[in-house]
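**Student:** Fold the following.
(chains A and B)
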Amino acid sequence: MHRPSFPNDRPWRRARVDNAMVAARCARVRTRSIKTETKDHLLRLALSMVDLTTLEGVDTTERVEALCRKALRPLSDRPDWPSTAAVCVYPNHVAAARRVLGPVGGPVKLASVATGFPAGQTPLATRLREVEQAVADGADEIDMVIDRGAFLAGRDADVFHEIVETKAACGAARLKVILETGELGTLDNVAAASRLAILAGADFIKTSTGKIQPAATMEVGLVMLEAIRETYLATGVQIGMKPAGGIRASKPALHWLVLVAETLGSDWMSPTWFRFGASSLVNDLLRQLVRRDEGIYPSPRRFSVD
Amino acid sequence: MTARLAVWRTPKLYIGGQFVRSESGQTVAVATAEGILHACRGSRKDLRDATEHARAAQPKWAARAALNRGQILYRLGEMLEGRGAGEAADRAVHHAGWADKVTALLSTLNPVSATYVNYTMIRPVGVIAAVVDPATGMLGMVEALAAATVMGNSVLLLVAAESVDDATTLAECIATSDWPAGVVQIVTGTLSELVGHVNGLDDIDTLLRVGTPLDAEVALAAEQAGARTIRRLVDLPNPSIPATPEQLGRLAEAKTVWMSAYEPQGGAASY
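**Tutor:** Residues are numbered from 1 along each chain as shown, chains lettered A, B, ... in the order given. Got it, this is the predicted structure:
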């Protein structure tokens, strides 16, 4: 497998962001009106893009199994509604999730966080071992965290190296690189980390672990989407995007889709290239869809508690 | 002393502990002795927001000590008294007294012929939408609010635009008497329109009608919607008389508990 080598001129560090323009563009997206029919389509699309996630210390096999069943059929009496894109669990639960989701190639992908999630502060050797184990247990996708301390200290080569090695350990699994933008401080850093991750071999770039606030803000998202756009225009390589953390309602989810469509175009409007890392978002999407279906705004108590 | 210009109150909705304008930006013009008042015309979205706040606030309100809920209702009475609404103040004080007594009246210990302790306790129904006949004035609003909240429910008061002045005074009293945000929301507008919005909301557990606020057609539509969403309909036709404990009981659910009473030493205990 081709392993990219570290570019000594660190091109990503030249990326600069105009904060005021980013804020203005995001503000415009938030006030964009969406027509009713488009909204119907986008709500279903958003549902099909969710990485239904549980990453808690109290996770049990039963909880993970229930989550997988929900991913396969989000609402029991609506079998024709889309399943979510994937479930996302800790490595310990990959095997259990695989049993419920069925063999590789089913409608719902299986993602596992790995590499010492959420801090990324464990030795590289054990992080890689974690990735190998998750893949062996049946993970289709690996969500890795970068060592933010190393990035902020300017040890870019270390970060680059760990992404390259993790990508190699993934084998056929797709690699999502979590930048944890809430800890990067500035949008310039987000722009740099995005480009670094892409050059090192990320298939997806992902905003956050969900354990740190702020998580997936639209400002950060726009900067990352611009990095993806720049890569595509320069090389023709398509990189995926996954905002995660803090997207709990349908309205911000639709704003994200508008942002993606405006920045990257319709090629990215599919679960192959865009995901929401979320859990409670699913119930809100279902709530809006049921409202459109039945004409009554349903109580949140009608949906399962995950 | 210089002549002063009149300082008019801006009528607003009271949702989630905040004075807000209707998200629709629409108002209903009301003629008053001083001039024309523009009451907010509560929209479907306003009622959705109000319901979310009410749902979030209700469990914490119900979990408060009954005495504390009574104290807060009494405090509302004090504030109303200061605004010259004596009759309504008396009503708040009346229901404040029920807070730590009504559960004892409505709960029962049931004799059963088996080795169980069997008792029935009351619990709040949850979120109540109260539609108030404008003819019942401030007293009708306070009766609805006090009856709903003394039982541990949160409430959406749906008030006709013509009562906007009283509704604003009431909201100001609530805002200054230690109510947790979200327990009481006050939404003004056209009653038939507001009830129409409630008909489309699944998350409201009871529709409380105070006085005779709805004409027959609107009332029928509300009853049909109530059947569809499994919503209880409760009437307080004459709020000049305070709701009796039996009427308050309609704003609560009964929960019956069977508890094993087996005693290894002496066989079955008798209760």
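
**Student:** Mind jotting down where the helices sit in the stretch 201-306 of chain A?
**Tutor:** Along the stretch 201-306 of chain A, the stretches classed as helices by DSSP state H, counting those that start in this stretch are A:218-235, A:250-264, A:280-294.

**Student:** Now distance to chain B and mean pLDDT too, for those helices, in CSV please.
**Tutor:** Every C-beta, even on glycine, is put in place using the N, C-alpha and C of the backbone. Listed next are the helices of the stretch 201-306 of chain A as CSV, based on distance: least, C-beta to the nearest C-beta, whole Å; pLDDT from 0 to 100:
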stretch, distance to chain B, mean pLDDT
helix A:218-235, 21, 97
helix A:250-264, 11, 97
helix A:280-294, 8, 96
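
**Student:** Can I get these in TSV including mean neighbour count?
**Tutor:** As requested, the helices of the stretch 201-306 of chain A are arranged in TSV below (neighbours: other C-beta atoms under 10 Å in any protein chain shown):
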stretch	mean neighbour count
helix A:218-235	19
helix A:250-264	20
helix A:280-294	20
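
**Student:** contacting residues around residue 254?
**Tutor:** Because you didn't say which chain, this covers chain A. The contact partners of residue A:254, by C-beta atoms under 8 Å, 6 or more residues apart in numbering or on different chains, come to A:34, A:39, A:42-43, A:46.

**Student:** Please refer instead to chain B.
**Tutor:** Applying C-beta under 8 Å, 6+ apart, we find residue B:254 in contact with B:120-123.

**Student:** Show me which of those are buried.
**Tutor:** For the contacts of residue B:254, a neighbour count by 16 or more other C-beta atoms under 10 Å in any protein chain shown gives the buried set as residue B:122.

**Student:** Check the model's average confidence along stretch B:248-265 for me.
**Tutor:** Stretch B:248-265 shows a mean pLDDT of 88 in the predicted model.

**Student:** Output that stretch as PDB, restricted to C-alpha atoms.
**Tutor:** Extracted C-alpha coordinates of stretch B:248-265, given in PDB (Å, rounded to 0.1, in the frame of the first residue of the first chain):
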ATOM      1  CA  LEU B 248     -58.800  18.900  40.500                       C
ATOM      2  CA  GLY B 249     -58.600  15.100  40.400                       C
ATOM      3  CA  ARG B 250     -59.500  15.300  36.800                       C
ATOM      4  CA  LEU B 251     -56.200  17.000  36.200                       C
ATOM      5  CA  ALA B 252     -54.400  14.000  37.600                       C
ATOM      6  CA  GLU B 253     -53.900  10.300  36.800                       C
ATOM      7  CA  ALA B 254     -54.400   7.500  39.300                       C
ATOM      8  CA  LYS B 255     -51.600   5.000  39.800                       C
ATOM      9  CA  THR B 256     -52.400   1.800  41.700                       C
ATOM     10  CA  VAL B 257     -49.600  -0.100  43.400                       C
ATOM     11  CA  TRP B 258     -49.700  -3.700  44.600                       C
ATOM     12  CA  MET B 259     -47.100  -4.400  47.200                       C
ATOM     13  CA  SER B 260     -46.400  -7.800  48.600                       C
ATOM     14  CA  ALA B 261     -47.300  -8.000  52.300                       C
ATOM     15  CA  TYR B 262     -46.100 -11.500  53.000                       C
ATOM     16  CA  GLU B 263     -44.600 -11.800  56.500                       C
ATOM     17  CA  PRO B 264     -42.500 -14.900  57.100                       C
ATOM     18  CA  GLN B 265     -43.100 -15.000  60.800                       C
END
